[in-house]
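1. Have a look at this fold, sequence not included:
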């Protein structure tokens, strides 16, 4: 083979190899683009783009009188996009003309750096072509609104490059007031109270936002790829802020004076079962008191206030009448190897059942329960008929299951029955006892206690909760008998002293129970003082229970000395308000100690957001919300906002693309665009609040 042919052969072989390699490359390209294309494109997108969660706005919890008990306050993270079209147009003319005045405004607003520092910072970010630079974190609404008015930033996101991302923080404007009942919601943390019970209603449904990677660890939103969140609904409770405040103040004053371990006070509306106040205060290691537990739902041995259940049982079975006489044995009676003692010493022997109740005689009522010694289940069935063996069903997480023993119980003994007669060897909650006494006040009808009146969306109720009758607790004859006997407890019995001179009649019962104190048992002499009743007795409006647990070996512990005075203070103020219906009650000042900005006197969300502020837009750039359900005006017509709260009004109008201005606080009383007026995105509206 000559040299020329050898060279040509090698050239042909090389060319053939290149052709084969080219075919392989083209085939691989075809496979990647057309067969594996979707896979590789999704992988590339996953590295550059991703969806992030957009938190739904949590609903507000309102009191019965329209005050906000728990709400979300908006805060903003401010980012800068130095590649915004407006900043780069005409070789950055807009930026150069406004950077100095913007720097001065930022220095005056934040007061953390000089104007020259801000100018250098902005120029550095501009030259570095930063796309999503975090500028300020956790900016409150007032500051954010002022930020929107500064030079350059007032021109909007696409010209100024300012991007605001809103998030919310949950607060209780009234601080301690009903704190345990309301609860304070925290993400990824155990929650209590109404915040936990109605979490599915309040939290709404989160949305999603597509973001694109613009730098290492930095993502910017992609317009047009947003699934808006469905905001949570509001709930309106039965709690009256004024009644709640006087209940907490009265309870605190007594606890502080006797240095009690804890106390609870519940006020219920007789005819409806609505809980108007529920105060719970526990002593902290430093000696202060805090709403650390819902003691109203906690089971304890109730003591003498349980005697009402025993009384109803024996009267219904016609075993006694109010005039039947019973021997009190001077306050001491032995059952087997155990002795019953009356809480207060006396020398009484044969007295009527009415007088035994006036004296709160344990000896007398142990004998009444012992009348069922041959048929104990007959007595137990009466307690079951009074629903003392089951929860009240209040719409609040945490209610404990009561304990009513039966002869089949492992701890049943020969002395269980007589001890049950005066409130021992049973475990029930203060709320259960209040529900029973409330039934006596309500012509014998037991009402289911409840805390939430309605669920609202944009100020319109979507679900309401009506009073619910449970059952009649006894015959009318027995009812009238126990009503009269409970009144004599206050006029002639153990509760006579704390209610002397009251301008209204009261019916109720004191209780003083020696209770177990952990491992120390009963040796520490810890007492539970209680009073439960209703007023005015001739036309009952409210029922109330007060329970206070003492420190070991207390100086004062009788129910008439500790619990009844708290009841009296609450009743006096409510009676005074009832006598002067046009009087304006002293409302407690909201307390927002946990919020970093220094606002201290706030009452509604409107006041939270607008106290002493100029009328400026409160809309969030590019922020929209979704509405659903109900009959709503057409999107191109102005709705009637009269009576709607500020948050709901702003949210609804933003959804229509309007710019909202407002003055005042509270609810809308006037709007600059009448209902039914045609509207268009970007149009301005002024709201006047009451």
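-> Ah, there it is. Not measured: the values here are computed from a predicted model.

2. Enumerate the positions of stretch 88-105 that are buried.
-> Under the neighbour-count criterion of 16 or more other Cβ atoms under 10 Å, stretch 88-105 has 88, 94, 95, 98, 99, 102, 103, 104, 105 buried. The C-beta positions use only the backbone N, C-alpha and C, and glycine is treated the same way.

3. which pair in those spans the largest distance?
-> Greatest spatial distance among those (Cβ to Cβ): 88 and 104, at 23.2 Å.

4. How is this protein partitioned into domains?
-> By the assignment in automatic domain parsing, the chain contains the domains 3-35, 52-237, 241-525+544-579, 605-689.

5. tell me the most buried of the ones you listed?
-> domain 241-525+544-579 (a mean of 20; mean count of other Cβ atoms under 10 Å).

6. Out of the buried residues of stretch 88-105, which sit inside helices?
-> 88, 94, 95, 98, 99, 102, 103, 104, 105 (DSSP state H).

7. so which strand or helix has the residue nearest to the second one when sequence neighbours are not counted?
-> In space, residue 94 comes closest to residue 86 once its chain neighbours are excluded; the distance is 5.6 Å by Cβ to Cβ, 6 or more residues apart in numbering. Remark: residue 86 resides in helix 85-88, with elements defined by DSSP states H and E.

8. How far off centre is that helix?
-> Relative to the centre of its chain, helix 85-88 is centred 46 Å away, using Cα atoms, centre = their mean, to the nearest Å.

9. Likewise for stretch 540-559?
-> Centre-to-centre, stretch 540-559 and its host chain are 26 Å apart (Cα atoms, centre = their mean).

10. Let me know the secondary structure of residue 510.
-> strand (DSSP: H, G, I helix; E, B strand; the rest coil).

11. Which residue is the nearest non-sequential neighbour of it?
-> Leaving aside its sequence neighbours, residue 510 sits nearest to residue 559 (Cβ to Cβ, 6+ apart; 3.6 Å).

12. hang on, isn't the one you found packed against residue 532?
-> No: using Cβ atoms under 8 Å, residue 559 is not in contact with residue 532; the gap is 9.3 Å.

13. which residues do those two both contact?
-> Common contacts of residue 559 and residue 532 (Cβ atoms under 8 Å, 6 or more residues apart in numbering): 305, 511.

14. Could I get the contacting residues of the residue nearest to residue 94?
-> The contact partners of residue 86, taken as Cβ under 8 Å, 6+ apart, are 94, 155, 158, 159, 160, 161.

15. what's the farthest-apart pair in the residues you listed?
-> Most distant of the contacts of residue 86, by Cβ to Cβ, are 94 and 158, 11.3 Å apart.

16. Show me what the closest residue to residue 238 other than its chain neighbours bridges to in the sheet.
-> Nearest residue to residue 238, sequence neighbours excluded (Cβ to Cβ, 6+ apart): residue 274, at 3.8 Å. Assessed by DSSP bridges, residue 274 has beta-bridge partners residue 450.

17. on that earlier part again, next one: the residue nearest to residue 510 from residue 549, what distance?
-> Per Cβ to Cβ, to the nearest Å, residue 559 is found 12 Å from residue 549.

18. between those two, what contacts are shared?
-> In contact with both residue 559 and residue 549: residue 529, using Cβ under 8 Å, 6+ apart.

19. got the contact list for residue 102?
-> Counting by Cβ under 8 Å, 6+ apart, residue 102 has contacts 118, 122, 150, 151, 152, 153.

20. Kindly present those as a markdown table, with separate columns for distance to residue 19 and pLDDT.
-> Formatted as a markdown table, those follow (distance: Cβ to Cβ, whole Å; pLDDT from 0 to 100):
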| residue | distance to residue 19 | pLDDT |
| --- | --- | --- |
| 118 | 64 | 90 |
| 122 | 58 | 90 |
| 150 | 66 | 90 |
| 151 | 66 | 89 |
| 152 | 61 | 87 |
| 153 | 62 | 87 |
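
21. Just give me the least confident of the contacts of residue 86.
-> Lowest pLDDT among those: residue 158, with 79.

22. what does the host helix or strand of that one rub up against?
-> Element membership for residue 158, per DSSP H and E: helix 157-160. Outside helix 157-160, the residues that touch it by Cβ under 8 Å, 6+ apart are 81, 84-87, 94, 152-154, 163-164, 621-622.

23. Quick check: bridge partners of residue 51?
-> Beta-bridge partners of residue 51, counted by DSSP bridges, are residue 210.

24. is it true that it touches residue 208?
-> Yes: if you go by Cβ under 8 Å, residue 51 and residue 208 touch, sitting 4.7 Å apart.

25. will you turn the ones in helices among the buried residues of stretch 88-105 into TSV that also has distance to residue 572?
-> Converted to TSV, those look like this (distance: Cβ to Cβ, whole Å):
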residue	distance to residue 572
88	71
94	67
95	68
98	64
99	65
102	60
103	61
104	59
105	55
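
26. which one among those gets closest to residue 642?
-> residue 105 (37.6 Å).

27. which residues sit in contact with residue 354?
-> The contact partners of residue 354, taken as Cβ under 8 Å, 6+ apart, are 322, 323, 485, 488.

28. That one is in what secondary structure piece?
-> Assessed by DSSP H and E, residue 354 sits inside helix 353-358.

29. Tell me which two in the contacts of residue 354 are the farthest apart.
-> Within the contacts of residue 354, two members stand farthest from each other by Cβ to Cβ: 323 and 488, at 12.5 Å.

30. any idea how far residue 169 is from the closest residue to residue 180 other than its chain neighbours?
-> Using Cβ to Cβ, 6+ apart and skipping residues adjacent in sequence, the residue nearest residue 180 is residue 291, 4.0 Å away. Residue 291 sits 20 Å away from residue 169, going by Cβ to Cβ.

31. and if you look at residue 345?
-> Relative to residue 169, residue 345 is positioned 57 Å away (criterion: Cβ to Cβ).

32. returning to what we had before: which of the domains of the chain has the lowest mean pLDDT?
-> Across these, the lowest-scoring stretch is domain 605-689, with a mean of 63.

33. center of this protein, which residue is that?
-> Centroid-nearest residue in the chain, with Cα atoms, centre = their mean: residue 182, separated by 2.5 Å.

34. Helices of the stretch 151-300 of the chain, residue ranges please.
-> 157-160, 179-182, 193-197, 199-202, 241-258 (DSSP state H, counting those that start in this stretch).

35. if you go through the stretch 351-500 of the chain in chain order, where are the strands?
-> Assigned by DSSP state E, counting those that start in this stretch, the strands in the stretch 351-500 of the chain fall at 403-404, 426-427, 445-447, 452-457, 460-464, 469-472.

36. Please produce TSV containing these, extended by distance to residue 252.
-> Output for these, formatted as TSV (distance: least, Cβ to Cβ, whole Å):
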stretch	distance to residue 252
strand 403-404	30
strand 426-427	27
strand 445-447	28
strand 452-457	26
strand 460-464	34
strand 469-472	32
